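Asker: need the 3D shape of this:
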Amino acid sequence: MAQFDLHKLRDIADEGIARHGLRGYARKVGLDVSTMRSLRDGRDMQISKVMEIIAAMGLTLDLRQAGDTAATPDISDTQRSGAETSAHIAIAYHCNAPQPGPAPVFFDAGWLARQGWNVQNLRWIVAPNAASALSVTPGAMCLLDCAQIWPSAQAVWAYLDAGSLNVGYLSRPEPGTLLISGRDPARPTRHLTGPSLDTITPLGRVVWTGSTLPDQS
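Answerer: Sure, this is the predicted structure:
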């Protein structure tokens, strides 16, 4: 994130409260109930209290998970003086996914701009053999847009399920509820609610996939 977003922090709190209840979530992250209630209700808080909440939730100031130290994609130093269309952007692997090959991958800055993606939110994964999305081939390179914390409308997302990487169709009808479906229409959609969602970590929406880099002309 380019700047801190208090609304996104409240969204994280709303999700935790929907899963565990107000008191349960406050206890889970080690905050007092009044602090959690103030965040949920949108009350003004001192910056020191906001920082306490961020630390308790295991987040960094830009609301990434603590430990997400993947370098922010940027224009190569050797390309900074060139035209924007000839500069290249380094896209790193997602720090929470397996990294089976060399990284980062470089994309043409002009091509990325034409897609309308914010390069600061882009990460790579390699689709696992168990990839559930029909449009994603196991072993394919997948470019993720990590701007959202959770999906809204149904879309193809990469996610961790009890620590194992998968790619499938995710949607979040409301806080504390997640629907997961795959390539097999005969298999029922998984409907996860409450604390069971703690085993699922969405990584990002899949915006491009392939075995080779796209034509960036």
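
Asker: so what strands line up beside the top strand by length along the chain?
Answerer: Counting residues, the longest strand found in the chain (DSSP state E) is strand 200-210. Within its sheet, strand 200-210 is paired with strand 141-145 (antiparallel), strand 155-161 (antiparallel), according to DSSP bridges.

Asker: so which of those strands is nearest R27?
Answerer: Of all these, strand 155-161 sits nearest to R27, with 24.1 Å by CB to CB. The way it works is simple: take the backbone N, C-alpha and C, and place the C-beta from them, glycine included.

Asker: distance from the chain centre to stretch 7-23, please.
Answerer: With CA atoms, centre = their mean, to the nearest Å as the basis, stretch 7-23 stands 17 Å off its chain's centre.

Asker: what mean pLDDT does that stretch get?
Answerer: In this model, stretch 7-23 has a mean pLDDT of 90.

Asker: what pLDDT does R205 get?
Answerer: For R205, the predicted pLDDT is 95.

Asker: how many neighbours does it have?
Answerer: When neighbours are counted by other CB atoms under 10 Å, R205 registers 20.

Asker: that one touches A155, doesn't it?
Answerer: Yes: at 5.2 Å, R205 and A155 qualify as touching, with contact defined as CB atoms under 8 Å.

Asker: hang on, the earlier thing: give me the contacts around the longest strand of the chain.
Answerer: Defining contact as CB atoms under 8 Å, 6 or more residues apart in numbering, one finds that strand 200-210 is touched by 94, 96-97, 115, 117, 121-123, 125, 127, 133, 135-137, 140-151, 155-161, 167, 170, 178, 180, 192, 214.

Asker: ok, of those residues, which come out buried?
Answerer: Listed as buried from the contacts of strand 200-210 are 94, 96-97, 117, 121-123, 125, 127, 133, 136, 140-146, 148, 150-151, 156-161, 167, 170, 178, 180, 192; burial here means 16 or more other CB atoms under 10 Å.

Asker: low pLDDT regions in this protein?
Answerer: For the chain, the stretches flagged by pLDDT under 70 are 1-4, 62-86, 101-104, 185, 212-217.

Asker: for it, longest helix please?
Answerer: Longest helix in the chain by number of residues (criterion: DSSP state H): helix 6-20.

Asker: which of the residues in the very next helix or strand once past it are buried?
Answerer: Downstream of helix 6-20, the next assigned helix or strand under DSSP states H and E is helix 22-29. Residues of helix 22-29 classed as buried by neighbour count (16+ other CB under 10 Å): 25-26, 28-29.
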